[in-house]
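1. just the structure for this:
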Amino acid sequence: MNPTEHIRPHSFEETLLSARRTMVLSEILKLAVDSFRSSKIRFALTALGMVIGTASVILVVTIGLTGKQFILQELEKLMTNSVELEYNGGGAMGAEQTVYNDYLTRDDEKAVLAQLPSVMYSSPVMEMHASISFGSGVVKDTLVLGVSPQYQQIRNLIMPAGRFLDDTDDSAHIKCAVITEKFAHDRFGGNDSAVGQNFEISGIPFTVIGVFKESVDDFGVSEIQDQTILIPYSVERYFTGTENVKQIYFSMHSMNEVTEGASEIKRIVQTRHRPGSVYSVQTLKEVLTTAAKVADILTAVLFLVSAITLMVGGVGIMNIMLANVRARTREIGIRKALGATYREIKLQFLAEAVIISLIGGIVGIVVGLAIPVSVRVFTNYDLPISAWSVAIALVAATSVGVFFGTMPATRAAQMDPVEALRDEG
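-> Numbering: from 1, shown residues only. Okay, here's the model as predicted:
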């Protein structure tokens with residue numbers, strides 16, 4: 001027998017089978033559309049559950065991303081690009097193990113700036129406490145910090161009134177001060193009224209040139225207190241009698257450089273001091289990373305909660321489709337009597353469930369996207385929109401239709417045609 005003759009009928013049969021399947025699928029879709037047209041209200045109510053479910057998925061992800069964005073933006077104001085270098089104490093040397101102090105100096109700061117181009121700002125922080133008179137016999141122990149002009153950029157300080165320290169104040173040793181809003185209110189009655197006023201630190205008059213506040217509440221984790229005075233470092237060193245400091249702040253160009261920059265800063269400073277001296281570096285990058293993870297977890301939890309709405313919509317589809325199968329028992333019997341197969345009947349009802357779910361999902365996506373898009377268009381808020389949430393919602397809607405439509409479709413396909421034709425419903 002010629003092999004070609006054997007292959008030819010086989011190929012012809014596959015072609016016929018493929019054409020028949022294509023025809024059956026198109027007929028199934030047409031029957032599904034006809035079914036929807038005959039019961040539009042039932043179709044709309046069934047799809048409504050999926051609309052709400054998919055819209056809630058989009059909105060929940062948008063809310064989660066918005067919360068994450070807000071948290072990270074607030075944390076970025078807390079010196080997330082900064083590195084705090086601190087002297088923790090000296091070791092011991094000699095046979096008698098004499099303890100020594102090996103404080104940081106401005107030369108250490110200059111050495112880091114010379115060797116590490118990724119550093120954008122730097123400032124020493126010299127700390128002391130002074131008894132400040134607030135009038136009417138009230139004297140308060142107040143924190144006085146000696147800093148450089150770049151301290152404002154490092155700490156992201158806001159100036160509600162006046163100005164911050166500048167290079168002239170530092171180089172000319174001008175006795176000026178920048179004070180907190182709390183100090184301005186308690187001592188001078190307000191921000192604007194404080195600027196230009198004088199007060200004394202250890203009997204030496206200082207002029208208030210500005211009032212500052214932190215850009216975000218740090219919950220007391222920074223060196224700044226409610227009653228804090230900032231003066232030029234070059235002036236404060238006369239009160240302390242030394243140029244040595246315990247802390248130097250550095251700010252990197254980007255957060256990606258913080259980890260490596262912190263290691264390099266510690267290495268540079270350590271090589272300039274005695275081997276037994278202990279220095280530490282602290283950053284807030286770990287806090288930012290942890291906050292991002294927490295925000296992602298909360299978003300995932302909210303997403304799972306919204307997925308329950310999809311499940312409820314799926315249950316609604318299943319119940320409606322079961323009722324639909326019951327109402328169309330005679331139709332199923334007639335189709336089976338005319339030669340419709342188990343597969344064709346099952347695909348017909350499964351296609352109806354999937355189409356309902358898919359249309360509801362698409363409408364829900366449009367509704368879910370309409371809110372954040374409207375906010376972005378009509379307000380100044382730039383709400384984040386995730387393409388992944390759209391894809392997940394669409395896949396979930398289709399999957400729900402398949403999952404919850406399988407049982408009604410299987411029940412319809414398993415009906416006995418004789419019993420179905422006897423049905424009087």
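
2. chain center to stretch 55-69, what's the gap?
-> Chain-centre distance of stretch 55-69: 10 Å, with Cα atoms, centre = their mean, to the nearest Å.

3. can you check stretch 292-311 too?
-> The answer for stretch 292-311 is 13 Å, by Cα atoms, centre = their mean.

4. pLDDT averaged over it - what is it?
-> The average pLDDT for stretch 292-311 rounds to 76.

5. beyond the longest helix anywhere in the chain, next helix or strand please.
-> Scanning the chain for the longest helix, with DSSP state H as the assignment, gives helix 285-327. Using DSSP states H and E, the helix or strand that follows helix 285-327 in sequence is helix 329-337.

6. which helices and strands sit right next to the helix or strand following that following helix?
-> Sequence order places helix 342-378 as the next helix or strand after helix 329-337, per DSSP H and E. Secondary-structure packing of helix 342-378 (3 or more Cβ pairs under 8 Å, 6 or more residues apart in numbering; DSSP states H and E): helix 3-38, helix 40-76, helix 285-327, helix 329-337, helix 387-413. The C-beta positions use only the backbone N, C-alpha and C, and glycine is treated the same way.

7. so which elements touch the longest one?
-> Using 3+ Cβ pairs under 8 Å, 6+ apart as the contact criterion, the elements in contact with helix 285-327 are helix 40-76, helix 342-378, helix 387-413.

8. turn those into CSV, including mean pLDDT, mean neighbour count and distance to Val281.
-> What follows is these, written out as CSV (pLDDT from 0 to 100; neighbours: other Cβ atoms under 10 Å; distance: least, Cβ to Cβ, whole Å):
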stretch, mean pLDDT, mean neighbour count, distance to Val281
helix 40-76, 77, 19, 19
helix 342-378, 83, 20, 40
helix 387-413, 80, 19, 37
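
9. so which of the ones you listed comes closest to Val208?
-> Nearest to Val208 among the helices and strands packed on helix 285-327 is helix 40-76 (28.9 Å), distances taken as Cβ to Cβ.

10. hang on, the earlier thing: quick one, the longest helix of the chain and helix 387-413 angle?
-> Counting by axes from the mean of the first three to the mean of the last three Cα atoms, to 10 degrees, helix 285-327 lies at 20 degrees to helix 387-413.

11. helix 285-327: how far from the chain's middle?
-> For helix 285-327, the gap between its own C-alpha mean and the chain's C-alpha mean amounts to 19 Å (Cα atoms, centre = their mean).

12. distance to Ala327 added to the helices and strands packed on helix 285-327, as CSV?
-> CSV is the format used below for the helices and strands packed on helix 285-327 (distance: least, Cβ to Cβ, whole Å):
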stretch, distance to Ala327
helix 40-76, 10
helix 342-378, 12
helix 387-413, 11
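
13. ok, now how distant is the closest residue in space to Arg422 that isn't next to it in sequence from Pro124?
-> The spatially closest residue to Arg422, leaving aside those adjacent along the chain, is Gly333, at 7.9 Å (Cβ to Cβ, 6 or more residues apart in numbering). Computed as Cβ to Cβ, to the nearest Å, the Gly333 to Pro124 distance reads 91 Å.
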